[in-house]
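[1] Could you look at this predicted model? Sequence included:
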Amino acid sequence: MKKVRTRFAPSPTGYMHIGNLRTALFTYLIAKQQDGDFILRIEDTDRERYVEGAVDVIYNTLKQCGLNWDEGPDIGGPVGPYVQSERMGSFKKYAEELVEKGGAYYCFCDKERLDGLKAECEAQGKTYSYDRHCRCLSHDEVKAKLDAGLPYVIRQKMPLDGEVTFHDELYGDITVDCKELEDQILIKTDGMPTYNFANVVDDHLMGITHVVRGNEYLSSAPKYELLYKAFGWEVPTYIHVEHIMKDKQHKLSKRDGDASFEDLINKGYLTEAVVNYIALLGWAPKGEEEIFSLSELIKEFDISGLSKSPAIFDPLKLKAINAKYIKKLAPEEFERYATPYVRQTVKREDINISRICQLLQDRTEVFTDIPEKVDFFDTLREYEPALYFNKKNKIDEEKSLQSLKDILPVLEGIDESEWTEDNIHEKLFELIAQKEVKNALILLPLRVAVSGKASTPGGGIEISSLIGKADTLDRVRKGIELLSK
RNA sequence: GGCCCGUUGGUCAAGUGGUUAAGACUCCGCCCUUUCACGGCGGCAUCAUGGGUUCAAAUCCCGUACGGGUCACCA
């Protein structure tokens, strides 16, 4: 059997939309699960849209996600060049070959005539379609015009009647009436190929066996089919995948702020989690497991699991998956990721960042949530006495005041040099035992006093230990003062 | 508008003529607990719609509605 070769062919726009990334992922998975080649081809024929550094965005994103290509602009390969603008020479030759074979023709209609046609159609409320004016030009007429140096394009000669059927792995056979097809332009006036043409030729020249692409190309697929047939080339396997939506009506777009891979990473998501999540958009695994590493995805991925309807991007689900990945991180690794975020609000040097990270790991969904969670370590902000009220443990402001008054001398009694979690724990539990009260009656008020927050990473003991004796006593006193009012 | 494609809970979705219509996320409740979270347990909630075909339809056929895509010398 022929070796599987797939390709990811993005345009360098400076922006990696996650829909594109997902296409790249699927393309990669199809190649890798059959030991095939994954090829990167840059489609930069639109010079007007060229953006500086855009190719690097493509390289970096793919690398970061682990989608390593076997052939590409930077590493070369047997069917290069891999940048479309560098392959311009050959397209015209193929178009001319097609003219010879009767599958295409020269068209000398100028912009004025075409615009006139369009205006006419519009006036009559009809859909514009090129009227095939030049299609029946005789060989001699063509030659004369060519010799006269008239500008021209080369158009594909669509069958006048009958129907075309093309096959998509997902959608099955799709048949359309040839009358629906316009004699599309293959070679532009400037001698350059249109996307549709370049794509077909390049895919053939590069020996591509499977093409994964967005659903928006479904409509042009019949034209591709005809082009392949006209050349007598083998048609690759097509897999059209549906879009990723923001909601039922709208595609996820740049304006939404989380449509690109980069946006997501900047928002505190882990690369692996993003890759895992986008694989799940429009694709369902066979079993019930849905957390997959890239290598697991290679084994698990199957075209039959792809969906024919659009998927809505759900930030909440991404968050949940991200949280799972964060929990799986080795503590040192988590610390490495989390420290910069902790440092956004925790500036003091005399604090154990590692310990804060330990307390944080199980309660972090997204890294960007961290700064707010730890903002009380440096300075205690004003808070409402109501925080001392806890229904479940039947604790109120009055009881809390008493607890804080009990706690204060106990903590004062711990020597500065013995200010550790273990010691604080020991002394406070002695107090609890002595007073014969529930843990919460002592520990909850302490936690509120040292943090001033309803929710904190870690409890009163951990926080006290982290901020040190002086700060702890100071904050407990402030609590007593607040509750005494 | 023409053509093409699609429609299972709030979201992702399994399902291919006979199922109590999986699972995950969200939400809610309970347990655990030093708060919140984590973890554990449980719950709410779905086959767009109307006709067929069939002993039997989420599943097959036709229509309707709704949504998407596409109709460039852009990719």
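    Sure thing, it's come through.
[2] Where does chain A get nearest to RNA strand B, residue-wise?
    As assessed by C-beta to the nearest atom of the strand, RNA strand B sits closest to residue A:459 within chain A, at 1.7 Å. Where you see a C-beta, it was placed from the backbone N, CA and C, and this is true even at glycine.
[3] Is the residue of chain A positioned farthest from its centre part of a helix or strand, or is it coil?
    Most distant from the centre of chain A: residue A:434, at 56.5 Å, with distances by C-alpha atoms, centre = their mean. Going by DSSP: H, G, I helix; E, B strand; the rest coil, the secondary structure assigned to residue A:434 is helix.
[4] how much space between it and residue A:176?
    85 Å (C-beta to C-beta, to the nearest Å).
[5] which residues of chain A fall in strands?
    Applying DSSP state E to chain A gives strands spanning A:5-8, A:37-40, A:104-107, A:153-156, A:163-168, A:172-177, A:185-187, A:210-214, A:237-241, A:244-245, A:311-312.
[6] which neighbours does the fourth one have in its sheet, and in what orientation?
    In the sheet, strand A:153-156 lines up against strand A:104-107 (antiparallel), strand A:185-187 (antiparallel) (DSSP bridges).
[7] List, one by one, the residues from the stretch 51-200 of chain A near RNA strand B.
    A:84, A:109-111, A:114, A:127-130, A:151, A:153, A:171, A:174, A:176-177, A:180, A:182, A:185, A:188-190, A:192, A:194-196 (C-beta under 7 Å from any atom of the strand).
[8] Quick check: end-to-end length of stretch A:445-457?
    Start-to-end span of stretch A:445-457 (C-alpha to C-alpha, to the nearest Å) is 15 Å.
[9] ok, that stretch near RNA strand B or not?
    Yes. Stretch A:445-457 reaches RNA strand B (C-beta under 7 Å from any atom of the strand) through A:447, A:454, A:455, A:456, A:457.
[10] Distance of the third one relative to residue A:448?
    Using C-beta to C-beta, residue A:455 is found at 10 Å from residue A:448.
[11] Same question for residue A:433.
    22 Å.
[12] Looking at these two now, which is surrounded by more residues?
    residue A:448 (26 against 9; other C-beta atoms under 10 Å).
[13] so what's that one up against?
    Taking C-beta atoms under 8 Å, 6 or more residues apart in numbering, we find residue A:448 in contact with A:383, A:387, A:388, A:400, A:454, A:479.
[14] Among the residues of the stretch 51-200 of chain A next to RNA strand B, which are located in helices?
    A:111, A:114, A:195, A:196 (DSSP state H).
[15] follow-up on the earlier one: burial of the residue of chain A closest to RNA strand B, as a residue count?
    Counted with other C-beta under 10 Å, residue A:459 comes out at 18.
[16] Tell me if I'm right that it and residue A:440 touch.
    No. Counting by C-beta atoms under 8 Å, residue A:459 stays clear of residue A:440, with 9.9 Å between them.
[17] Would you mind pulling the contact partners of the worst-scoring helix or strand of chain A on mean pLDDT?
    Ranked by mean pLDDT, DSSP states H and E, the weakest helix or strand in chain A is helix A:111-123, scoring a mean of 87. Residues from elsewhere that reach helix A:111-123 (C-beta under 8 Å, 6+ apart): A:127, A:128, A:129, A:130, A:131, A:133.
[18] any chance of those residues in a markdown table, with neighbour count and pLDDT too?
    Conversion of the contacts of helix A:111-123 to a markdown table gives the following (neighbours: other C-beta atoms under 10 Å; pLDDT from 0 to 100):
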| residue | neighbour count | pLDDT |
| --- | --- | --- |
| A:127 | 8 | 83 |
| A:128 | 14 | 86 |
| A:129 | 14 | 89 |
| A:130 | 17 | 91 |
| A:131 | 14 | 91 |
| A:133 | 14 | 92 |
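[19] and the strands paired with strand A:153-156 as CSV, adding mean neighbour count and mean pLDDT?
    Putting the strands paired with strand A:153-156 into CSV (neighbours: other C-beta under 10 Å; pLDDT from 0 to 100) gives the following:
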stretch, mean neighbour count, mean pLDDT
strand A:104-107, 22, 96
strand A:185-187, 24, 96
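[20] so residue A:85 makes contact with residue A:55?
    No. Taking C-beta under 8 Å as the definition, residue A:85 is not a contact partner of residue A:55, at 11.1 Å.
[21] Now do the contacts for the closest residue in space to residue A:104 that isn't next to it in sequence.
    In space, and not counting its chain neighbours, residue A:104 is closest to residue A:98: 4.1 Å by C-beta to C-beta, 6 or more residues apart in numbering. By C-beta under 8 Å, 6+ apart, the contact list for residue A:98 reads A:104, A:154, A:156, A:186, A:227, A:230, A:231.
[22] quick one: which of these is most hemmed in?
    Top of these by neighbour count (other C-beta under 10 Å): residue A:186, with 29 neighbours.
[23] residues from the stretch 351-485 of chain A in reach of RNA strand B?
    So far as C-beta under 7 Å from any atom of the strand goes, the stretch 351-485 of chain A lies against RNA strand B at A:362-363, A:390, A:392-393, A:425, A:439-440, A:443-444, A:447, A:454-462.
[24] Only whichever of those are buried, select them in PyMOL.
    PyMOL command restricting those to the buried ones, with burial defined by 16 or more other C-beta atoms under 10 Å:
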select buried, chain A and resi 363+390+425+440+443+444+447+456+457+458+459+460+461+462
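[25] Among the strands paired with strand A:153-156, which comes closest to residue A:240?
    Counting by C-beta to C-beta, residue A:240 lies closest to strand A:185-187 out of those; the figure is 21.9 Å.
[26] Show me how far that closest one is from its chain's centre.
    Relative to its chain's centre, strand A:185-187 lies at 33 Å (C-alpha atoms, centre = their mean, to the nearest Å).
[27] now swap in stretch A:63-76 and tell me
    With C-alpha atoms, centre = their mean, you get 18 Å for stretch A:63-76.
[28] what's the answer for stretch A:331-344, then?
    With C-alpha atoms, centre = their mean, you get 23 Å for stretch A:331-344.
[29] Can you give me the buried ones in it?
    A:334, A:335, A:337, A:338, A:339, A:341, A:342.
[30] Contact partners for the fourth one?
    The one in question is residue A:338. Contacts of residue A:338 (C-beta under 8 Å, 6+ apart): A:357, A:360, A:361, A:364, A:367, A:370.
[31] got a winner among those residues for most neighbours?
    In those, the most neighbours by other C-beta under 10 Å go to residue A:370, 26 neighbours.
[32] hang on, it packs against residue A:341?
    Yes. Using C-beta under 8 Å, residue A:370 is in contact with residue A:341, at 3.8 Å.
[33] quick one: average pLDDT of stretch A:22-30?
    On average, the pLDDT along stretch A:22-30 is 97.
[34] Could you do stretch A:470-483 as well?
    Averaging pLDDT along stretch A:470-483 gives 95.
[35] and what of stretch A:208-225?
    Here the average pLDDT along stretch A:208-225 is 94.
[36] repeat for stretch A:298-312
    On average, stretch A:298-312 scores 94.
[37] Same question for it: list its buried residues.
    The neighbour-count check on stretch A:298-312 (16+ other C-beta under 10 Å) flags A:298, A:300, A:301, A:303, A:306, A:310, A:311 as buried.
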